[in-house]
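Enquirer: Pasting a predicted model and its sequence here:
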Amino acid sequence: MASEPDYYRVLGVSRDATPEEIKKRYRELVRKYHPDVNPDKTTSHQTFVAISEAYRVLSDPGLRAAHNLELDRRAAKQREQVRSPGPSQAQHRAPGPTARPNGPQPQRPRPQPVERLLVNARLLAAQRRLRDAAALCRQVIARDRANAEAYALLGDLYVQMGRTEDAIAMYTYAQQYAPNDMSVLRKLERLTRQHVRQTRRSARRGASASHASVILPILGSLAAVIMFVLSFYDSPTLKLPLGMLDRVPSASLLLMMADSALVGLLLAASGVLARYDDELLFPDRFQGRNPGPPIGLFLPLAAIPSFYVAACLYALYAVTQERFSLSVALAFVLCLVIVGLFAMPHPAAAHQLLVWGAGPAFCTFCLGWLMADAFRPHW
């Protein structure tokens with residue numbers, strides 16, 4: 001088998017080049033020598049094949065290490081040839097005493113033949129030692145670039161590892177070097193079809209998620225508007241102690257609370273609001289500071305009797321603890337806006353809604369916020 005070229009010289013990079021530098025140089029050469037952009041198709045095709053082969057070897061850590069060993073072996077052999085005397089020098093050199101070793105010279109370990117490496121690789125694969133088997137296959141390929149059996153076995157191993165694209169590449173090489181092997185061809189065709197189906201399925205899921213991210217906010221906003229319109233209808237008032245909401249229609253109060261929860265859910269799901277636990281429960285877990293009181297536990301409860309007391313408590317907390325959250329401030333402001341809108345259809349109950357209704361609205365807003373956080377990783 002002819003010795004392989006110096007792939008570093010083929011790409012024009014140094015031996016200590018990083019993978020990024022090798023990839024950058026490969027792309028430059030591909031753009032320059034691609035057969036589609038060169039008039040001399042034959043020469044450009046040969047150059048393109050050499051460049052592709054060099055990149056394939058140098059981009060694989062195992063193949064690159066084997067190539068480096070081969071280059072070191074060649075350099076050592078050349079140095080030995082330079083140091084060894086020629087025939088004329090050996091004739092004029094005076095014979096001297098020959099030093100004999102004290103014991104038998106240790107024999108150098110002979111490299112295992114390719115066939116033995118493949119047998120060992122199959123044994124390791126049967127023992128589910130996939131990485132070790134793949135390493136032996138790469139050793140075979142480093143010695144014999146045209147060994148279709150090694151490429152096919154490596155493709156089988158990559159399939160078991162879940163590396164579909166790498167397996168397709170190995171089956172492609174095996175098919176090139178053994179075009180009459182129908183088993184490899186069937187594996188390649190089957191795996192390619194599966195990969196195409198998975199790619200299309202992933203694309204459809206991504207498109208569905210994209211459509212859902214647009215449709216769900218629209219439907220939620222429409223539902224919020226419908227609930228606001230329904231609040232214009234009169235309904236029986238609530239009978240609560242101290243006459244706090246005795247002028248407020250019960251349906252309007254319930255619709256306002258549901259509307260607040262929906263707005264909180266939509267804003268959190270769309271990413272406008274940060275995570276509730278990061279803002280109100282554990283605001284310092286990523287900052288290395290001493291944890292402050294988890295105000296998110298009692299802030300909604302404090303808002304039930306008085307929304308404005310809860311707002312003042314949070315303002316005091318934000319100033320003293322230096323933990324101001326724009327998301328929490330936005331929640332307070334939006335709840336006031338929602339309460340003001342629902343107070344418009346009932347002027348006689350507007351005062352009671354603004355004084356006593358903002359607290360329940362803030363509680364349900366936080367509830368919707370928490371519900372969105374529970375599913376946010378999937379959105």
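Expert: Great, that's in hand.
Enquirer: which residues in the stretch 1-150 of the chain form strands?
Expert: Here the stretch 1-150 of the chain has no strands by DSSP state E, counting those that start in this stretch.
Enquirer: so where's it shaky on pLDDT?
Expert: Along the stretch 1-150 of the chain, the model assigns pLDDT under 70 to residues 1-3, 83-112.
Enquirer: If we use 90, what do you get?
Expert: For the stretch 1-150 of the chain, the stretches flagged by pLDDT under 90 are 1-6, 14-21, 23-24, 26-57, 59-120, 123-132, 135, 139, 142-146.
Enquirer: Run through the helices of it in chain order.
Expert: For the stretch 1-150 of the chain, the helices defined by DSSP state H, counting those that start in this stretch cover 7-11, 19-33, 41-58, 61-83, 87-92, 114-126, 130-143, 148-161.
Enquirer: Of all those helices, which one comes closest to Y314?
Expert: Evaluated with CB to CB, the helices of the stretch 1-150 of the chain place helix 19-33 nearest to Y314, the distance being 48.6 Å. For glycine as for every other residue, the C-beta is placed from the backbone atoms N, C-alpha and C.
Enquirer: Report the buried residues of that closest one.
Expert: The neighbour-count check on helix 19-33 (16 or more other CB atoms under 10 Å) flags 22, 25-26, 29, 33 as buried.
Enquirer: tell me what it is packed against?
Expert: In this structure, helix 19-33 packs against helix 7-11, helix 41-58, with contacts taken as 3 or more CB pairs under 8 Å, 6 or more residues apart in numbering; DSSP states H and E.
Enquirer: Quick one: work out the angle between the last one and helix 61-83.
Expert: Using axes from the mean of the first three to the mean of the last three CA atoms, to 10 degrees, one finds that helix 41-58 and helix 61-83 are set 100 degrees apart in direction.
Enquirer: Please identify which of the buried residues of helix 19-33 is nearest to S327.
Expert: Closest to S327, out of all of the buried residues of helix 19-33 and judged by CB to CB, is I22, at 45.6 Å.
Enquirer: And the closest one, how close does it get to M170?
Expert: For I22, the distance to M170 equals 20 Å [CB to CB, to the nearest Å].
Enquirer: Looking at the buried residues of helix 19-33, which two lie furthest apart in space?
Expert: I22 and Y33 (16.1 Å).
Enquirer: Quick check: R15 touching Y7?
Expert: No. Checked against CB atoms under 8 Å, the pair R15 and Y7 is beyond contact range at 10.0 Å.
Enquirer: so P179, which of the three states?
Expert: Recorded secondary structure, P179: coil (DSSP: H, G, I helix; E, B strand; the rest coil).
Enquirer: Can you read off the backbone torsions of it?
Expert: phi -60, psi -20 (degrees, to the nearest 10).
Enquirer: That one: what's it in contact with?
Expert: Applying CB atoms under 8 Å, 6 or more residues apart in numbering to P179 gives no contacts.
Enquirer: same question, Q160
Expert: Contacts of Q160 (CB under 8 Å, 6+ apart): 125, 130.
Enquirer: How about the one 4 residues further on?
Expert: Contacts were defined as CB under 8 Å, 6+ apart; by that measure T164 touches 158, 191, 194-195, 198.
Enquirer: Apply 7 Å and report the result again.
Expert: Applying CB atoms under 7 Å, 6 or more residues apart in numbering, we find T164 in contact with 191, 195.
Enquirer: ditto for R143
Expert: Shown in contact with R143 (CB under 7 Å, 6+ apart): V114.
Enquirer: To E279, which of the helices of the stretch 1-150 of the chain lies closest?
Expert: Minimum separation from E279 across these (CB to CB) falls at helix 19-33, 38.9 Å.
Enquirer: Between helix 41-58 and that closest one, find me the angle.
Expert: Interaxial angle, helix 19-33 versus helix 41-58 (the same axes, to 10 degrees): 170 degrees.
Enquirer: Now do helix 19-33: distance to the chain's middle.
Expert: Its chain's C-alpha centre and that of helix 19-33 lie 25 Å apart, by CA atoms, centre = their mean, to the nearest Å.
Enquirer: What of stretch 350-362?
Expert: 46 Å.
Enquirer: and if you look at stretch 134-151?
Expert: Computed by CA atoms, centre = their mean, the chain-centroid distance of stretch 134-151 equals 30 Å.
Enquirer: Can you point out the buried residues in that stretch?
Expert: Neighbour-count burial for stretch 134-151, with 16+ other CB under 10 Å as criterion, is recorded at 134-143, 145, 147-151.
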